[in-house]
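1. Got a sequence here, can you build the structure:
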Amino acid sequence: MGAGAGRGPAPSPQGEFDGLTGTCNRLWPIFAILFVLKQLAERVGLLRVLGTERWAKLVLLLILARVAAQGPASRRSVGRPTTPSPRRWG
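-> Numbering: from 1, shown residues only. Now for the predicted structure:
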């Protein structure tokens, strides 16, 4: 018998998120947004600037979550404050 005899087929590689079912389906849209934003951050060099340390990954997550939470913005809304000012003129 050879060295590999008696063993079954090699297990297929599986990612961390493979096999998630049920209530996790609600998480896929935000996962997709963060994935795309991470790819953009890599293209513009943000990942290279931050580095690979644990704190840098947490900072990146905070940045990406902030960008994702902003949602689509029109050009009109960019110049306006998000909350009305309590002070009134005139």
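
2. Go ahead and confirm Ala41 touches Val59.
-> No - assessed by Cβ atoms under 8 Å, Ala41 is found out of contact with Val59, at 10.9 Å. In this view, the C-beta of every residue, glycine as well, is placed from N, C-alpha and C.

3. of these two, who's got more company?
-> A side-by-side neighbour count of Ala41 and Val59, using other Cβ atoms under 10 Å, places Ala41 first with 18 against 14.

4. For this protein, which segments count as strands?
-> Counting by DSSP state E, no segments of the chain form strands.

5. show me where it has helices.
-> Secondary structure of the chain (DSSP state H): helices at 28-44, 46-50, 54-70, 75-78.

6. possible to save the ones you listed as JSON lines with mean pLDDT?
-> Conversion of these to JSON lines gives the following (pLDDT from 0 to 100):
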{"stretch": "helix 28-44", "mean pLDDT": "89"}
{"stretch": "helix 46-50", "mean pLDDT": "93"}
{"stretch": "helix 54-70", "mean pLDDT": "90"}
{"stretch": "helix 75-78", "mean pLDDT": "54"}
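
7. Pull up the per-residue confidence for Arg80.
-> For Arg80, the model assigns a pLDDT of 56.

8. I misspoke; the intended subject was Pro72.
-> Reading off the per-residue confidence, Pro72 sits at a pLDDT of 62.

9. likewise Arg7?
-> If you check Arg7, the pLDDT there is 66.

10. what's the answer for Asp18, then?
-> pLDDT for Asp18: 65.

11. got it, and Trp89?
-> pLDDT, the model's per-residue confidence, is 61 for Trp89.

12. Same check on Glu53?
-> For Glu53, the predicted pLDDT is 94.

13. same deal with Arg26?
-> Model confidence at Arg26, given as pLDDT, is 72.

14. residues near it, how many?
-> Neighbour count of Arg26, defined by other Cβ under 10 Å: 8.
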